[in-house]
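Engineer: Just the structure for this:
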Amino acid sequence: MSANIHPAAIVHPDARIADDVEIGAYSIIGAHVEIGERTRIGSHVVITGHTRIGRENRIFQFSSLGEAPQDKKYSGEPTRLEIGDRNTIREFCTFNVGTVQDAGATRIGNDNWIMAYVHIAHDCQVGHHTTFANNAQLAGHVHINDWAILGGYTGVHQFCRVGAHVMTAVGTVILQDVPPYLMAAGNTASPYGINVEGLKRRGFNADSITALKRAYRAIYKSGLMLDEAKAKLEEMAKEAPDVQLFLDFFDVSKRGIIR
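Structural biologist: Down below sits the predicted model:
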């Protein structure tokens, strides 16, 4: 075992642990776990199941990663949890493996900032550069796209999608898909315009933001049916490529969008 593993930790001999991984006291690492270089794991962390964790992650104490899904259909199949690189996972987070009824894997990408008490259920697909504030909760099969920010106590219903660059307020309850670029709040979630400040911080210029505001008005303020709004967005996207992300999202949306 590496010198960076505390003697009070329990690491299965079949686990694949990079030489420079740090594992704190009383943490338990299962047989089918793989942990990449320079990842640091605090004390009292349980990592089990067929779980692969990439490089340079920081996992704080009392998190449970790779446990069986909270799904009555699960019968012990060797489904997976896959976590990318450079993620921060704070205290008391719970991420479950997937199910054979969906992708067979729960996936979290790179450079995500995940605060305390976050739950990511089976078969969720989380992109890159997201932020989950304390107690954000994802039911099964949820998709969260890149750069999304979920406010504290945001709850997302199973099978919902949250688009890229979305920001939700504290206590938001999401029962339908949230298109990209939006701010959303409430129980149940309603749209509150474009996430202008977030887009500015990520380098979107004034022309792009103006085009996205026009697209938002076409979807939500024009009185058009969604198919009619989509036709209008297709014309906008010819001159403003960022608008295309709305159209791509609508192509995969299955639960309808928040209104």
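Engineer: which residues touch the residue nearest to E37 when sequence neighbours are not counted?
Structural biologist: Leaving aside its sequence neighbours, E37 sits nearest to A18 (CB to CB, 6 or more residues apart in numbering; 4.4 Å). Any C-beta I mention is one placed from the backbone N, CA and C, and that applies to glycine too. Counting by CB atoms under 8 Å, 6 or more residues apart in numbering, A18 touches 35-39, 55.
Engineer: pLDDT wise, what is A18 at?
Structural biologist: Per-residue pLDDT puts A18 at 97.
Engineer: Report the separation between it and S208.
Structural biologist: To S208, A18 is 40 Å away according to CB to CB, to the nearest Å.
Engineer: repeat for A231
Structural biologist: With CB to CB as the criterion, A231 and S208 are 21 Å apart.
Engineer: What of A136?
Structural biologist: Distance from A136 to S208, by CB to CB: 28 Å.
Engineer: which of these two has more neighbours?
Structural biologist: The neighbour comparison of A136 against S208 (other CB atoms under 10 Å) goes to A136, with 27 against 15.
Engineer: Just to check, that one is in contact with I144?
Structural biologist: No. Using CB atoms under 8 Å, A136 makes no contact with I144, being 9.5 Å away.
Engineer: Overlap of the contact sets of those two?
Structural biologist: In contact with both A136 and I144: 150, 156, using CB under 8 Å, 6+ apart.
Engineer: right, and E37 touches R16 too?
Structural biologist: No. Proximity of E37 to R16 does not meet the contact threshold set by CB under 8 Å, at 11.6 Å.
Engineer: What's the local residue count around S43?
Structural biologist: Neighbours of S43 (other CB under 10 Å): 15.
Engineer: And for A25?
Structural biologist: 13.
Engineer: can you check the one 3 residues further on too?
Structural biologist: When neighbours are counted by other CB under 10 Å, I28 registers 16.
Engineer: quick one: contacts for it?
Structural biologist: Residues in contact with I28 (CB under 8 Å, 6+ apart) are 9-11, 45-48.
Engineer: go on, V33?
Structural biologist: Going by CB under 8 Å, 6+ apart, the list of residues near V33 reads 12, 15-17, 47-49, 51-53, 66.
Engineer: how close does it get to A18?
Structural biologist: In this view, V33 and A18 are 12 Å apart by CB to CB.
Engineer: again, but for N135
Structural biologist: According to CB to CB, N135 and A18 sit 31 Å apart.
Engineer: got it, and I28?
Structural biologist: Using CB to CB, one obtains 18 Å as the distance from I28 to A18.
Engineer: Look up which residues are beta-bridged to the nearest residue to I5 once chain neighbours are set aside.
Structural biologist: In space, and not counting its chain neighbours, I5 is closest to I23: 4.5 Å by CB to CB, 6+ apart. Bridge pairing for I23 (DSSP bridges) gives the partners I5, I41.
Engineer: What of G155?
Structural biologist: G155 has the following beta-bridge partners by DSSP bridges: Q137, V173.
Engineer: Give me the pLDDT value at it.
Structural biologist: What the model reports as pLDDT for G155 is 98.
Engineer: Now do the buried residues in the helix ranked longest in the chain.
Structural biologist: Taking DSSP state H as the criterion, the chain has its longest helix at helix 206-220. Across helix 206-220, burial judged by 16 or more other CB atoms under 10 Å covers 209, 211-212, 214-216, 218-220.
Engineer: average pLDDT for that helix?
Structural biologist: Mean pLDDT, helix 206-220: 98.
Engineer: With just CA atoms, put that helix into PDB.
Structural biologist: Extracted as PDB, the C-alpha positions of helix 206-220 are listed here (Å, rounded to 0.1, in the frame of the first residue of the first chain):
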ATOM      1  CA  ALA A 206     -22.700  41.600 -25.700                       C
ATOM      2  CA  ASP A 207     -23.900  40.600 -29.200                       C
ATOM      3  CA  SER A 208     -24.300  36.900 -28.100                       C
ATOM      4  CA  ILE A 209     -26.200  37.900 -25.000                       C
ATOM      5  CA  THR A 210     -28.500  40.100 -26.900                       C
ATOM      6  CA  ALA A 211     -29.200  37.300 -29.400                       C
ATOM      7  CA  LEU A 212     -30.000  34.900 -26.500                       C
ATOM      8  CA  LYS A 213     -32.300  37.400 -25.000                       C
ATOM      9  CA  ARG A 214     -34.200  37.600 -28.300                       C
ATOM     10  CA  ALA A 215     -34.400  33.800 -28.400                       C
ATOM     11  CA  TYR A 216     -35.800  33.800 -24.800                       C
ATOM     12  CA  ARG A 217     -38.500  36.300 -25.800                       C
ATOM     13  CA  ALA A 218     -39.400  34.100 -28.800                       C
ATOM     14  CA  ILE A 219     -39.800  31.100 -26.500                       C
ATOM     15  CA  TYR A 220     -41.500  32.700 -23.500                       C
END
